[in-house]
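Student: Need coordinates for the below:
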Amino acid sequence: MKQEQKKKPQQKRAAKKPPLKGKPVKKAKPEATPAEPGSSERINRYLARCGLCSRREADRWIHAGRVTINGKLIETPGVPVSPGDTVKVDGKLAEAQEGHTYILYNKPKGQLCSRSDKRGRPLIYDFIDVAANVHSIGRLDMDTEGLLLLTDDGALTRALTHPAAKVPREYRARVAGQVALETLEKLRRGGMDIGRGDLSDAWEVSVDSESAGHTWLTIVILRGRWREVRRTLEKCGHPVRRLMRTRFGPMKLDEEMPKGSYRKLNRGEIRKLRDRVQDPEATNQPD
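Tutor: Below you'll find the predicted structure:
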């Protein structure tokens, strides 16, 4: 009889990691959420929640030696603030605000959507009484008027302005000359070279009224690229003489709202904005 060969015990081999192709993918950072009661948070985030500044500006204040916690000078933005700590900026007490701010502003022509301007031009923040960490959701150029939303809710801002969200923005534009049917079809089809390496998107566009020298158009776009409406219509030979935004997603400009005035959004309006990025088809149209 043949002797049975003893099987050698198999040694466990360490699993080989698959080779990385190209550069390693960085994990997306989780969205910032409000600190839970009783928990600590980074000092720069705390100062932003106080409404004094943005987190980036808070970092500069900390490095400049303007911030203390419980009387101790803070040198790095990663230092945690715990409940009961006393935080001061330039010797003045900094207290966190609860909840977010949501504003609808009827922006007049001639104001910049910026926190500063080297040329000293008027800024929207010169006319709106909001905390320093409140920012616009997208921008309107200096010569464009109408609906502008502002908030300190960074997660909502990123969701609404991301190109993939395709949040509709409606404008009324007064352009030079009479717009031919062929031009309207070009605007609806898109694909025109409008400079800076950009091609025009397909628009919803209709003619509201015409006169000998100009035409009023209603336009709906799905992205907020730099001066997109003006550049596209200029390419078609119809320079914009007046431009106003009348809708952003589910939010529509109040007809009775005077230029330069603003108001807080109510809970229902805030919910509609949040629903818009969670279910794009649910709130594509205003009420």
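Student: Off-centre distance for the helix or strand of the chain with the lowest mean pLDDT?
Tutor: Lowest by mean pLDDT, DSSP states H and E among the helices and strands of the chain is helix 43-49, with a mean of 86. Mean-position distance between helix 43-49 and its chain equals 20 Å (CA atoms, centre = their mean, to the nearest Å).
Student: Give the buried residues for it.
Tutor: Neighbour counts over helix 43-49 (16 or more other CB atoms under 10 Å) mark Ile43, Asn44, Arg45, Tyr46, Leu47, Ala48, Arg49 as buried. C-beta here means a position set from N, CA and C on the backbone, and glycine is covered the same way.
Student: Buried residues, the very next helix or strand once past it. List them.
Tutor: Later in the chain than helix 43-49, the nearest helix or strand by DSSP states H and E is helix 55-63. Buried residues in helix 55-63, defined by neighbour count with 16+ other CB under 10 Å: Arg55, Glu57, Ala58, Asp59, Trp61, Ile62.
Student: want to try a markdown table for these, with pLDDT and distance to Arg225 as columns?
Tutor: As requested, the buried residues of helix 55-63 are exported to a markdown table (pLDDT from 0 to 100; distance: CB to CB, whole Å):
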| residue | pLDDT | distance to Arg225 |
| --- | --- | --- |
| Arg55 | 82 | 26 |
| Glu57 | 86 | 27 |
| Ala58 | 89 | 30 |
| Asp59 | 91 | 30 |
| Trp61 | 93 | 33 |
| Ile62 | 93 | 35 |
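Student: re the thing from before, which elements pack onto the least confident helix or strand of the chain?
Tutor: Where contact means 3 or more CB pairs under 8 Å, 6 or more residues apart in numbering; DSSP states H and E, helix 43-49 is packed against helix 55-63, strand 67-69, strand 80-81, strand 87-89.
Student: Next, count neighbours for Val79.
Tutor: 17 (other CB atoms under 10 Å).
Student: For the residue nearest to it when sequence neighbours are not counted, give me its contacts.
Tutor: Closest residue to Val79 apart from its sequence neighbours, by CB to CB, 6 or more residues apart in numbering: Ile43 at 4.8 Å. Under the criterion of CB atoms under 8 Å, 6 or more residues apart in numbering, the neighbours of Ile43 are Ala58, Ile62, Val67, Ile69, Ile74, Pro77, Gly78, Val79, Pro80, Val81, Val87.
Student: host element of the closest residue to Arg174 other than its chain neighbours?
Tutor: Counting by CB to CB, 6+ apart, Arg174 lies nearest to Arg242, which is 4.1 Å off, once chain neighbours are set aside. Arg242 is part of strand 240-248 when elements are defined by DSSP H and E.
Student: how's this protein carved up into domains?
Tutor: 41-93, 102-163+252-278, 168-248 (automatic domain parsing).
Student: Mean pLDDT lowest where, among those?
Tutor: Ranked by mean pLDDT, these end with domain 41-93 in last place, scoring a mean of 89.
Student: where's that one relative to the chain centroid, distance-wise?
Tutor: With CA atoms, centre = their mean, you get 25 Å for domain 41-93.
Student: now do the same end-to-end measure for that domain.
Tutor: End-to-end span of domain 41-93 (CA to CA, to the nearest Å): 17 Å.
Student: wait, which of the contacts of Ile43 is closest to Gln278?
Tutor: When the contacts of Ile43 are compared for distance to Gln278 (CB to CB), Ala58 wins out at 30.1 Å.
Student: So that closest one sits against Pro77, correct?
Tutor: Yes. Here Ala58 reaches Pro77: they are 6.6 Å apart, a contact under CB atoms under 8 Å.
Student: list residues touching both of these two?
Tutor: Contacts common to Ala58 and Pro77, judged by CB under 8 Å, 6+ apart, are Ile43, Asn44.
Student: What degree of burial does Gly138 show, as a neighbour count?
Tutor: Residues near Gly138, counting by other CB under 10 Å, number 17.
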